[in-house]
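**Student:** The amino acid sequence is not available; the structure is as follows:
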């Protein structure tokens, strides 16, 4: 039996940039979670999206080599792009929409129409974050991240743990080059386990490596190689909630861009905006460019559950 797939560069301003996301079309075939995990392992990417037009309960899902994953910004945009191509979206005239639910949260994407296919893609969510302001001292953070204390900024932004879909420890730095140079210290992390209850740390700083954004970001965890620069789309809701929580962030609508990567690796550019209103949940919109790099076929003989 044959399955088709598309290979997309998400959050890319040019080919061979952004995050590579394979999207597999199941074409009505029933695949177990184990089979999806096996196929995701074949691609060797951070996540693989599966689209099943015949399933009303779960038309889209995400897996990696370890199993099922939550949707992140990059996989939502990838799913929206292919769903548009396959006519699985709702036509609204000048744009189309794709809606699904994740952890009781409604996720709705908006796909602009172009003559040659999908245009700009953006998705919206309402955030109800949990905030924990109790974090280690700056000296402990510097030791944890193998950096100097002066490279961590506590002036405008403060470190805190934010949870929307998952808890993320957000730590502000002074410059992008210090974010890129940081690395996790496993021994120090074990010592702080009682203070920081998340395996994920998001480092960010004002500035840009591409010259096109207001922020630079990097996601760290204790299992990744030292120089790894994984996608940051999965924790964008947490970062937006973090920015909205800052006392320096005035009520109103805020627009920003953030990049990921380094000068010698693939780079991503994410665009976001959010509405901060007193006494209300944060409403956000996240978007970027998607470039289709190719398509192919998978020959997979074990399609029964």
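**Tutor:** Looks like it arrived, so ask away. Computed from a predicted structure; not experimentally measured.
**Student:** For the longest helix seen in the chain, give the mean pLDDT please.
**Tutor:** Using DSSP state H to define each element, the chain has its longest helix at helix 73-85. Averaging pLDDT along helix 73-85 yields 95.
**Student:** again with stretch 157-171
**Tutor:** Mean predicted confidence for stretch 157-171 is 92.
**Student:** Please identify the buried residues of that stretch?
**Tutor:** Across stretch 157-171, burial judged by 16 or more other C-beta atoms under 10 Å covers 157-165, 167-171. Yep, even glycine has a C-beta here, placed from its N, CA and C like the rest.
**Student:** distance between the longest helix of the chain and the chain's centre?
**Tutor:** 13 Å (C-alpha atoms, centre = their mean, to the nearest Å).
**Student:** what's around residue 66, how many residues?
**Tutor:** For residue 66, the count of nearby residues is 9 (other C-beta atoms under 10 Å).
**Student:** Pull up the gap between it and residue 163, please.
**Tutor:** Look at residue 66 and residue 163: by C-beta to C-beta, to the nearest Å, they are 21 Å apart.
**Student:** Residue 45 reaches residue 23, doesn't it?
**Tutor:** No - assessed by C-beta atoms under 8 Å, residue 45 is found out of contact with residue 23, at 10.6 Å.
**Student:** out of those two, which sits in the busier spot?
**Tutor:** Higher neighbour count among residue 45 and residue 23: residue 23, with 27 against 16, using other C-beta under 10 Å.
**Student:** and the angle for the host helix or strand of that one with helix 73-85?
**Tutor:** Using DSSP states H and E, the secondary-structure element containing residue 23 is strand 19-25. Counting by axes from the mean of the first three to the mean of the last three C-alpha atoms, to 10 degrees, strand 19-25 lies at 40 degrees to helix 73-85.
**Student:** could you give me the average pLDDT of strand 19-25?
**Tutor:** pLDDT averaged over strand 19-25 gives 96.
**Student:** which parts of stretch 182-198 are buried?
**Tutor:** 182-185, 188-189, 192, 196, 198.
**Student:** Specify the local secondary structure of residue 27.
**Tutor:** coil (DSSP: H, G, I helix; E, B strand; the rest coil).
**Student:** Compute the number of surrounding residues for it.
**Tutor:** 15.
**Student:** And the closest residue to it other than its chain neighbours, how close does it get to residue 29?
**Tutor:** Of all residues beyond its chain neighbours, the one nearest residue 27 is residue 3 (6.4 Å), with distances taken as C-beta to C-beta, 6 or more residues apart in numbering. According to C-beta to C-beta, residue 3 stands 7 Å off from residue 29.
**Student:** What of residue 19?
**Tutor:** 26 Å.
**Student:** any low-confidence regions in this structure?
**Tutor:** 193-195, 301-305 (pLDDT under 70).
**Student:** which residues of it fall in helices?
**Tutor:** Using DSSP H, helices in the chain cover 33-43, 73-85, 138-144, 176-181, 186-191, 236-245.
**Student:** Most tightly packed of those helices?
**Tutor:** helix 73-85 (a mean of 27; mean count of other C-beta atoms under 10 Å).
**Student:** Compute the inter-axis angle for it and helix 236-245.
**Tutor:** Going by the same axes, to 10 degrees, helix 73-85 makes 120 degrees with helix 236-245.
**Student:** Would you mind measuring from the closest residue to residue 198 other than its chain neighbours to residue 33?
**Tutor:** Excluding the flanking residues, the one nearest residue 198 by C-beta to C-beta, 6+ apart is residue 167, at 3.9 Å. As defined by C-beta to C-beta, residue 167 lies at a distance of 24 Å from residue 33.
**Student:** One more: residue 213?
**Tutor:** Residue 213 is 36 Å from residue 33, by C-beta to C-beta.
**Student:** ok so, going back, of the buried residues of stretch 182-198, closest to residue 236?
**Tutor:** Comparing the buried residues of stretch 182-198 against residue 236 with C-beta to C-beta places residue 198 closest, at 15.9 Å.
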